[in-house]
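[1] Dropping the sequence and predicted coords here.
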Amino acid sequence: MHRINVIGTSGSGKSTFCRKLAHVLGYPHIEMDALFWKPNWAESTDEAFLLAIEQALDQPQWILDGNYHRTAALKWRHADTVIWVDYSFTRTLFQAVQRAVIRCLSKQELWPGTGNRESFRKTFLSRDSIIWWTIKTYSKNRARYLSMMSDPNFAHIQFVQLRSPAQANQLIQQQKHMKTLGTEPTSNE
């Protein structure tokens, strides 16, 4: 595992998992949302976004945090491992709501230099709500990822599906142990 893309529905916990795994492995953590979102919630053009991804992935090791399905051909051309944080709908929705509430209350800037913050109105009362996005995309994402795992175009990728926080923690601990032993990090097959 040298070039890893962590995927999962919004709220699944992929960013938290990425930060922990990147810390253990000593790999750069690349957050796709930070590459995509500009100040005042302006979106990058596809051309600029794809170029930013290409440039970010131009290194021997990385952990890429995010979905953006239209970028799969580019990012998975470089990836050797895809880790799918695939928790239950109930857990994912709970985590999405919990995260949104914390972000609304803390007013934390989501990506440095953008000024973008979650607001109560945008999070809970808008068609752009991240909560609504989680509800709307959960089943579609599961079907899409299951299909992509068996796609011959991605046969070079090792897929790891994490169905619980216990499995995620087990993978982190395994990688930490492998690193301590000085052996090559691998997935938890």
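    The structure has been received and is ready for your questions.

[2] CA atoms for contacts and neighbours, from now on please.
    Fine.

[3] For the helix ranked longest in the chain, which residues meet the burial criterion?
    Under DSSP state H, the helix in the chain containing the largest number of residues is helix 130-149. Residues 130-135, 138, 141, 145, 149 are the ones in helix 130-149 that count as buried (16 or more other Cα atoms under 10 Å).

[4] Which secondary structure elements does the helix or strand following it sit against?
    Counting by DSSP states H and E, the element after helix 130-149 in chain order, helix or strand, is strand 158-162. With contacts defined as 3 or more Cα pairs under 8 Å, 6 or more residues apart in numbering; DSSP states H and E, strand 158-162 has these neighbours: strand 81-85.

[5] So what touches the strand it packs on?
    With Cα atoms under 8 Å, 6 or more residues apart in numbering as the test, strand 81-85 has contacts from 1-9, 12-14, 157-164, 168.

[6] Just the buried ones from those residues?
    1-9, 12-14, 157-162, 168.

[7] Could you tell me the angle between the longest helix of the chain and strand 158-162?
    140 degrees (axes from the mean of the first three to the mean of the last three Cα atoms, to 10 degrees).

[8] what does helix 130-149 contact?
    Under Cα under 8 Å, 6+ apart, the answer for helix 130-149 is 8-11, 86, 89, 92-93, 96-97, 100, 123-124, 154, 159.

[9] Mark which of those residues are part of helices, please.
    Using DSSP H, the members of those that fall in helices are 89, 92-93, 96-97, 100, 123-124.

[10] pLDDT for those residues - can I get that in CSV?
    Below are those laid out as CSV (pLDDT from 0 to 100):
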residue, pLDDT
F89, 97
T92, 96
L93, 96
A96, 94
V97, 94
A100, 91
T123, 82
F124, 81
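
[11] How many neighbouring residues does L105 have?
    Residues within reach of L105, counting by other Cα atoms under 10 Å, total 12.

[12] and it, what element?
    Per DSSP H and E: L105 is located in helix 89-106.

[13] who does that helix touch, helix- and strand-wise?
    helix 120-124, helix 130-149.

[14] check contacts around R103.
    Here R103 is in contact with 117-119 (criterion: Cα under 8 Å, 6+ apart).

[15] Could you rerun that using 7 Å?
    E118 (Cα atoms under 7 Å, 6 or more residues apart in numbering).

[16] same check, this time on Q170
    Counted by Cα under 7 Å, 6+ apart, Q170 has zero contacts.

[17] separation between it and L162?
    For Q170, the distance to L162 (Cα to Cα, to the nearest Å) stands at 10 Å.
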